[in-house]
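Participant: sequence and predicted structure below; questions after.
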Amino acid sequence: MNSIIDINGLSFQYASGETQRQVLDELSLSISRGQIVCLLGANGAGKSTLINLMLGRLKVRQGNIEIFGQLHTSREIRQRLGVMLQNSAAPDRAKVCELLELFRSYYDAPLPLTQLYDDLQLGGIKNQYFGSLSGGQKQLVLLAIALCGDPDLLFLDEPSVGMDVSTRRVLWQVIERYKSLGKTIMLTTHYLEEADALADRIVVLKNGKIIADDTPQGLKVAFSHKLIKAKTSLAMDVIRSLDGVINVTQYGRYLEVTTTNAASTVAKWQAQDPQIDDLTINNCDLEQAFIQLTDEKTAQNNEENVA
């Protein structure tokens, strides 16, 4: 597949007076045509900064970014981009149809209005004012605006915020459809099930560096830990001391335990609490893999167990 985005040795700092804060640190990344790539990371990991640098909203000072083989976001490049940022908005007193007509006028070969209405199920609200829409409807309109130019590369920054289940389903269907047309999509989300369902590839940022880059399944397999959930009379500190345990969380009357050795953990647990009840063991999901990657305390526990 052809490369759409190439990033090499990218570093970025925010300056405040005499203080500088490193946000990205020697980051390199290549993204191929037709991929859905999800950027994950805790708040402050550098996701938004990276996207703003790719879009030219921040100036690259160290390293370089090529999009479609060019270093600068020329008009030709911008014609091939679609963008929906976290802080995107539209005038409350503009009708949906007016907004889409306006943004379509910015492109040389825009998508037909009828296709935008059909794909995003906007036909029933096309004559409504933007300010009168629900949060999920507003997000779908903003997505339609991002799609007006039929982009080859689409940036979606937290697109499903404010969406209910039905509107999120529309979003997912649109993303899958555009991927099937060979489009490339850069997605950020805090919904791990969304990343798991949509992404071909997940890139995890921490402290300005890429700490993982794999398929969703690959990340889950790499963290072959098990989740044990049970009712017990033992205190959390006692459970933490059992063989293989790297994390313990309480949910009501249940303890949920992440372990590197389920058989040993369960055996030791049952030996100390013969009355353990409602015990289940499951594979690690993407959320648990993400937590293990990014949580400082869990990472420290991992290192101690390996040692």
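Facilitator: Cool, got the structure. Residues are numbered from 1 along each chain as shown.
Participant: going by C-alpha atoms from here, please, whenever you check contacts or count neighbours.
Facilitator: Fine.
Participant: now the element after the longest helix seen in the chain, going C-ward?
Facilitator: Identified as the longest helix of the chain according to DSSP state H is helix 165-180. Sequence-wise, the next helix or strand downstream of helix 165-180 (DSSP states H and E) is strand 184-188.
Participant: what is the mean pLDDT for that following strand?
Facilitator: When pLDDT is averaged along strand 184-188, the result is 95.
Participant: can you tell me what sits against it?
Facilitator: Contacting residues not belonging to strand 184-188 are listed as 4, 32-40, 47, 152-159, 175, 179 [C-alpha atoms under 8 Å, 6 or more residues apart in numbering].
Participant: next structured bit after that strand?
Facilitator: helix 192-198.
Participant: how far out from the middle of the chain is the helix or strand just after that following helix?
Facilitator: Downstream of helix 192-198, the first helix or strand assigned by DSSP H and E is strand 201-206. Between the centre of strand 201-206 and the centre of its chain there are 8 Å (C-alpha atoms, centre = their mean, to the nearest Å).
Participant: tell me what strand 201-206 is packed against?
Facilitator: With contacts taken as 3 or more C-alpha pairs under 8 Å, 6 or more residues apart in numbering; DSSP states H and E, strand 201-206 sits against strand 36-40, strand 209-214.
Participant: pick the most buried one from those.
Facilitator: Of those, the one with the most neighbours on average (mean count of other C-alpha atoms under 10 Å) is strand 36-40, at a mean of 25.
Participant: remind me what it packs against, helices and strands.
Facilitator: strand 184-188, strand 201-206.
Participant: mind running it again at 10 Å?
Facilitator: For strand 36-40, the helices and strands in contact under the criterion 3 or more C-alpha pairs under 10 Å, 6 or more residues apart in numbering; DSSP states H and E are helix 47-54, strand 153-157, helix 165-180, strand 184-188, helix 192-198, strand 201-206, strand 209-214.
Participant: ok, which of the ones you listed comes nearest Phe130?
Facilitator: helix 165-180 (16.1 Å; C-alpha to C-alpha).
Participant: contacts for the closest one?
Facilitator: Under the contact criterion C-alpha atoms under 10 Å, 6 or more residues apart in numbering, helix 165-180 has outside partners 33-36, 119-121, 135-137, 139-140, 143-144, 147, 150-152, 154, 156, 159-163, 183-185, 187, 194, 197-199.
Participant: how distant is it from the center of its chain?
Facilitator: Worked out by C-alpha atoms, centre = their mean, helix 165-180 lies 15 Å from the chain centre.
Participant: please identify the buried residues of it?
Facilitator: In terms of neighbour count (16 or more other C-alpha atoms under 10 Å), helix 165-180 has its buried residues at 167-168, 170-171, 174-176, 178-179.
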